[in-house]
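Novice: fold the following.
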Amino acid sequence: MKGLMPHGNSQVPFLSPAFSGHEREIPAHLKLLNPPEAAEFLSVSKIILAGWRCSKRYSLPYIKIGRLVRYRQADLVAFLESHHVR
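Specialist: Numbering: from 1, shown residues only. This is a model prediction of the structure:
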């Protein structure tokens, strides 16, 4: 997003780091979702998702960095496909 940044007595236009002008969709195999986003993607509550993670009820892969938990969108898609009943 464009804005004006004060520079001495004049204002100089700048681009915020969040805007590159060429926004691209992140591929699913790289996109990371936090637990609320992952729960919404799977159509379950955050509590259910946390329970699955803690009890290891399902082999749903996740990434843990310190106390942060993230899910790869591609892993969530694979999880759903593996539970498809025909």
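
Novice: switch to C-alpha atoms for all contacts and neighbour counts from now on
Specialist: Fine.

Novice: tell me where the model's unsure across this structure.
Specialist: Low-confidence segments of the chain (pLDDT under 70): 1-23, 28.

Novice: ok, which stretches of it are strands?
Specialist: 2-7, 10-15, 32-33, 63-65, 68-72 (DSSP state E).

Novice: give me the sheet partners of the last one and which way each runs.
Specialist: The sheet places strand 68-72 alongside strand 32-33 (antiparallel), strand 63-65 (antiparallel), with pairing taken from DSSP bridges.

Novice: in it, which residues are buried?
Specialist: Neighbour counts over strand 68-72 (16 or more other CA atoms under 10 Å) mark Arg70, Tyr71, Arg72 as buried.

Novice: what of stretch 50-65?
Specialist: For stretch 50-65, a neighbour-count test (16+ other CA under 10 Å) marks Arg53, Leu60, Tyr62 as buried.

Novice: check contacts around the second one.
Specialist: Looking back up the chat, that one is Leu60. Taking CA atoms under 8 Å, 6 or more residues apart in numbering as the criterion, Leu60 is in contact with Arg53, Asp75, Leu76, Phe79.

Novice: the last one and His29, how far apart?
Specialist: Remark: distance between Phe79 and His29 (CA to CA, to the nearest Å) = 13 Å.

Novice: hmm, Lys46 is touching Pro35, no?
Specialist: Yes - with contact defined as CA atoms under 8 Å, Lys46 reaches Pro35; the gap is 6.5 Å.

Novice: between those two, who's got more neighbours?
Specialist: Taking other CA atoms under 10 Å, Lys46 and Pro35 do not tie; Pro35 has more neighbours (19 against 16).

Novice: circling back to that earlier point, of the buried residues of strand 68-72, closest to Ala39?
Specialist: Tyr71 (9.9 Å; CA to CA).

Novice: ok, the closest one to Arg86 distance?
Specialist: Applying CA to CA, the value for Tyr71 to Arg86 is 26 Å.
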